[in-house]
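Novice: Next one to model:
(one chain, ligands or ions: 1)
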Amino acid sequence: MKNNTAWWLRITVAFFLVVILMEVYIDSGDKPAFLAYPTMMFGFMALILLLLIAIAFIVQAIENVLYNTLDEEAKVRFLAAKEEKWEWTWGKNLYNKMLGSKPMEKEVEIILDHNYDGIRELDNKLPPWWVYLFYASIVFAVVYLARFHVFNDYTQDEEYEQEVAIAQLEIEEYKKTAKGLVDANTVELLTDASDLNAGKIIFESNCVACHMADGGGGIGPNLTDRNWILGGGIKNVFQTISEGGRDGKGMIAWKQSLKPVEIAQVASYVLTFEGTTAANPKAAEGDIWVDPNAPEPATPAKETNTEQVIDSTSVTMN
Ligand code: HEC
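Specialist: Residues are numbered from 1 along each chain as shown. Next up, the predicted model:
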């Protein structure tokens, strides 16, 4: 028996194989099986480990028994075989074959006649690994040519479109989980009570000095009416809060001190004022704002529909 890899190495390898197999076959949702069922998994693993150790002992015992039944000469042979170093002969042979180089002592066979001031040349064959790669590339080229130039499977443009579409979906998916990514183009009106409460807190600590707690207005305009100086709707309001009002009016750009998600929250909160009655309302300023995207029958053509027709190549991540 040549295979005398250390017994503990065999046990470790087998153990990890079992662990990997369990990960693969146990359906534990997103979490690794380990975290999903910790006690069960650890118990099972301890059992496996015990079993493996037991098997190692049994094999050892059998070997001992067999050894003792051998005669002296066979014992010596057995020990010698055991001492022999294990080598991965198959891999080693393959490696040498692929290299295809002649051993030094056989170089006389391939040495060429000419002699340049004592420098001589060997006529080596091309190394087989290189030759096989070359053949493989020929096969690849034939298949490729047939698939894309004869049968016109799909074009690069189509492949690009597909990948962009997939990426687009992934971005959408990502944006759903990453609230902090919103900007004036992507922001949606938030309606969750938690978001509105957060918006209220931000409003009360930053904005009431000029807009009043009920949005009635003071230094800043009335936020409870339908009139907007800088445009209504979540996107415009987000934009105003983020970038500030017209120069010199007193409304600063809040993007310095508020995170995008906070701006979205406070903007959504601001929009809840509309239609409420403030205790001391400031006169309306600006125009009554009509949402161009609202599904009103009055808008005849689609041209006012500014609904995101984003060029897939200009998606920015910020
Ligand atoms: C220093 C006073 C001041 C503070 C503080 C202030 N604003 Fe303003 N706000 C103004 C003024 C003045 C305008 C009008 C800007 C203009 O006319 O260009 C305005 C405009 C606005 C508008 C646009 C109104 C419209 O009719 O278009 C919104 C929305 C708004 N503020 C929200 C906020 C929010 C939210 C906060 C707190 C994060 C805030 N403001 C803090 C002074 C203030």
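Novice: going forward, measure contacts between C-alpha atoms and count neighbours the same way
Specialist: Noted.
Novice: Kindly report the residues of this protein close to the ligand.
Specialist: Counting by CA under 6 Å from any ligand atom, the positions of the chain adjacent to the ligand are 203, 206-207, 209-210, 219-221, 228-231, 237, 240-241, 245-246, 249-251, 266-267.
Novice: What about these, which are in helices?
Specialist: 203, 206, 209-210, 237, 240-241, 266-267 (DSSP state H).
Novice: For Thr69, see how far away Asn206 is.
Specialist: From Asn206 across to Thr69, the span is 92 Å (CA to CA, to the nearest Å).
Novice: For these two, indicate the residue with more neighbours.
Specialist: Legend: neighbour count by other CA atoms under 10 Å for Asn206 and Thr69, higher for Asn206 (13 against 10).
Novice: per-residue confidence for the more buried one?
Specialist: At Asn206, the pLDDT value in this model is 94.
Novice: Any idea how far apart the tips of stretch 175-183 sit?
Specialist: 11 Å.
Novice: Next, the buried residues of it.
Specialist: Buried residues in stretch 175-183, counted by 16 or more other CA atoms under 10 Å: 181-183.
Novice: now, which of those residues sits nearest the ligand?
Specialist: If you rank the buried residues of stretch 175-183 by distance to the ligand using CA to the nearest ligand atom, Asp183 comes first, at 15.1 Å.
Novice: who's in contact with the closest residue to the closest one other than its chain neighbours?
Specialist: Nearest non-adjacent residue to Asp183, counting by CA to CA, 6 or more residues apart in numbering: Pro260, 6.6 Å away. Pro260 makes contacts with 180-183, 242, as judged by CA atoms under 8 Å, 6 or more residues apart in numbering.
Novice: quick one, helices of the protein?
Specialist: With DSSP H, the ranges of helices along the chain come out as 7-25, 33-36, 38-69, 72-83, 89-99, 128-144, 156-177, 193-206, 208-211, 233-243, 260-271.
Novice: could you give the angle of the fourth one to helix 38-69?
Specialist: Per axes from the mean of the first three to the mean of the last three CA atoms, to 10 degrees, the angle that helix 72-83 makes with helix 38-69 is 140 degrees.
Novice: Lowest pLDDT pick from the buried residues of stretch 175-183?
Specialist: Ranking those by pLDDT, Leu181 lands last with 76.
Novice: so that one touches Tyr174, yeah?
Specialist: No: the pair Leu181 / Tyr174 is not scored as a contact, 9.2 Å apart, by CA atoms under 8 Å.
Novice: Least confident secondary structure element in the protein?
Specialist: Across the helices and strands of the chain, mean confidence by mean pLDDT, DSSP states H and E is lowest for helix 33-36: a mean of 77.
Novice: Roughly how far does whichever residue of the stretch 1-150 of the chain sits closest to the ligand sit from Pro38?
Specialist: Nearest residue of the stretch 1-150 of the chain to the ligand: Asp30, at 39.5 Å (CA to the nearest ligand atom). According to CA to CA, Asp30 and Pro38 sit 15 Å apart.
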